[in-house]
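Chemist: Give the three-dimensional model of this entry:
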Amino acid sequence: MSTVLDPDSADLTLLQDRQVAVLGYDAVAEAHALNLRDSGVDVWVGIDPDSRRAVSAEIEGLTVRSPEEAVAHCDIVLVPAADDHSPGPATFDLEHLQRLLDEHTEPGDLVIVTSGAQVLPGALSVPEGVDLALLRAVGDGQRIREEFLDGRGCPALVAVARDGSGAAWATLTAYAAAMGSLRSGAIVTTVEHQATALDLAEEWVHVPLRKAVEAAFDELVRRGVEDEVAYLAVVHDLKTRVDQINGAGFASQYGPAGHPIGGSEGEPLTRRAAARAAHPLEHVGRRVRAMMSWIR
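Modeler: Alright, predicted model coming up:
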């Protein structure tokens with residue numbers, strides 16, 4: 001079982017004399033910036049001051065500076081990924097981000113990314129003496145903000161990849177607390193594990209699922225089934241089932257054992273026997289879902 005950090009794991013006073021630069025201002029960056037600000041953290045948004053997103057940040061009362069100035073001024077830098085295949089915010093390419101970190105961070109600073117893939121070999125790197133960590137909230141930007149405002153928080157995955165200062169973990173947990181994530185819990189992992197999980201899920205689940213859906217649709221249409229009927233069967237009904245699995249596990253589809261297995265004579269399994277037969281996914285799923293207030 002993983003280590004899960006709670007509010008008692010953090011000391012928010014560690015952020016009192018620190019400044020956080022949030023690069024970009026997409027939905028996730030905005031949620032980080034606003035949650036941190038509401039927790040009393042000094043936040044600077046690093047973005048083109050003439051951009052429309054900069055105006056949105058200024059309306060919220062946030063300090064807006066050029067990315068170079070924000071990174072140079074602050075000692076904690078958030079580099080949110082636009083998606084799991086991007087080095088950072090949508091308006092930043094890898095070369096720009098690397099130059100920002102190389103030229104404007106100092107030993108003892110902490111760089112936080114939101115996807116382990118951002119800092120795998122050949123991707124973004126931090127200069128010698130600069131700490132590196134991961135904080136990936138379980139939820140999109142809107143969810144992160146709404147949960148915080150409701151007095152809860154989105155759980156998160158956290159990891160430290162480099163801790164030259166000896167203070168990276170303490171600073172990261174304080175940051176996670178200010179974000180609201182420790183209210184629900186932060187699961188300790190590694191950058192490599194999080195990146196591997198994303199890659200394998202993409203290869204073994206997401207891509208094959210898309211291909212299976214497309215193939216089933218094509219086959220139904222080939223058999224003369226109306227397009228709309230085929231769509232509803234392979235897409236709409238799939239979403240309904242996935243929502244049920246996400247909210248209550250596979251057992252919500254096939255009974256408490258997670259699959260339609262009976263006893264030796266085809267009799268229904270007892271509750272205890274069903275629990276023993278359940279795939280580990282069911283047990284882990286119950287623990288993880290308990291951290292998400294919106295699906296409890």
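
Chemist: Would you state the helices of the stretch 101-250 of the chain in chain order?
Modeler: Counting by DSSP state H, counting those that start in this stretch, residue ranges of the helices within the stretch 101-250 of the chain are 141-149, 168-179, 191-201, 207-222, 227-231, 237-248.

Chemist: deepest of those helices, which one?
Modeler: Using mean count of other C-beta atoms under 10 Å, the stretch among the helices of the stretch 101-250 of the chain with the greatest mean number of neighbours is helix 168-179 (a mean of 23). For glycine as for every other residue, the C-beta is placed from the backbone atoms N, C-alpha and C.

Chemist: Send over that one as CSV, restricted to the C-alpha atoms.
Modeler: This file holds the C-alpha atoms of helix 168-179, laid out as CSV (Å, rounded to 0.1, in the frame of the first residue of the first chain):
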residue,chain,number,x,y,z
ALA,A,168,12.2,19.4,-1.2
TRP,A,169,9.8,17.1,0.5
ALA,A,170,8.9,19.6,3.2
THR,A,171,8.4,22.3,0.6
LEU,A,172,6.4,20.1,-1.7
THR,A,173,4.0,18.9,1.1
ALA,A,174,3.5,22.5,2.2
TYR,A,175,2.6,23.4,-1.4
ALA,A,176,0.2,20.4,-1.6
ALA,A,177,-1.4,21.6,1.6
ALA,A,178,-1.8,25.1,0.3
MET,A,179,-3.3,23.6,-2.9
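
Chemist: avg pLDDT for it?
Modeler: The predicted model gives helix 168-179 an average pLDDT of 98.

Chemist: what's that helix packed up against?
Modeler: helix 27-38, strand 110-113, strand 131-137, strand 156-162 (3 or more C-beta pairs under 8 Å, 6 or more residues apart in numbering; DSSP states H and E).

Chemist: List of residues touching the next helix or strand after the first one?
Modeler: Pointing back at helix 27-38 there. Scanning the chain past helix 27-38 towards its C-terminal end, the next helix or strand to appear is strand 42-46 (assignment: DSSP states H and E). Applying C-beta atoms under 8 Å, 6 or more residues apart in numbering, the external contacts of strand 42-46 come out as 18-25, 29, 33, 36-37, 54, 57, 62-71, 73-74.

Chemist: before we move on, the earlier item: comparing the helices and strands packed on helix 168-179, which comes out most buried?
Modeler: Among these, the stretch with the highest mean neighbour count (mean count of other C-beta under 10 Å) is strand 110-113, at a mean of 26.

Chemist: so what does that one touch, helix or strand wise?
Modeler: Contacts defined by 3+ C-beta pairs under 8 Å, 6+ apart place strand 110-113 against strand 76-79, strand 131-137, helix 168-179.

Chemist: Which among these is found nearest to His279?
Modeler: The closest of these to His279 is strand 131-137. By C-beta to C-beta, the value is 24.7 Å.

Chemist: For the closest one, output the C-alpha coordinates as CSV.
Modeler: Provided in CSV are the C-alpha atoms of strand 131-137 (Å, rounded to 0.1, in the frame of the first residue of the first chain):
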residue,chain,number,x,y,z
ASP,A,131,15.2,20.6,-6.6
LEU,A,132,12.7,18.8,-8.7
ALA,A,133,9.3,17.5,-7.7
LEU,A,134,6.0,16.2,-9.1
LEU,A,135,2.5,17.2,-8.0
ARG,A,136,-0.3,15.9,-10.1
ALA,A,137,-3.8,16.6,-8.8
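
Chemist: what lines up beside that strand in the sheet?
Modeler: Strand pairing for strand 131-137, determined by DSSP bridges: strand 110-113 (parallel), strand 156-162 (antiparallel).

Chemist: Can you verify my assumption that Leu97 contacts Gly88?
Modeler: Yes: in this structure Leu97 lies within contact range of Gly88 using C-beta atoms under 8 Å: 4.7 Å.

Chemist: quick one: which of these two has more around it?
Modeler: Remark: of Leu97 and Gly88, Gly88 carries more neighbours, 26 against 23, as counted by other C-beta atoms under 10 Å.

Chemist: tell me the secondary structure for the more buried one?
Modeler: Assigned by DSSP: H, G, I helix; E, B strand; the rest coil, the conformation of Gly88 is coil.
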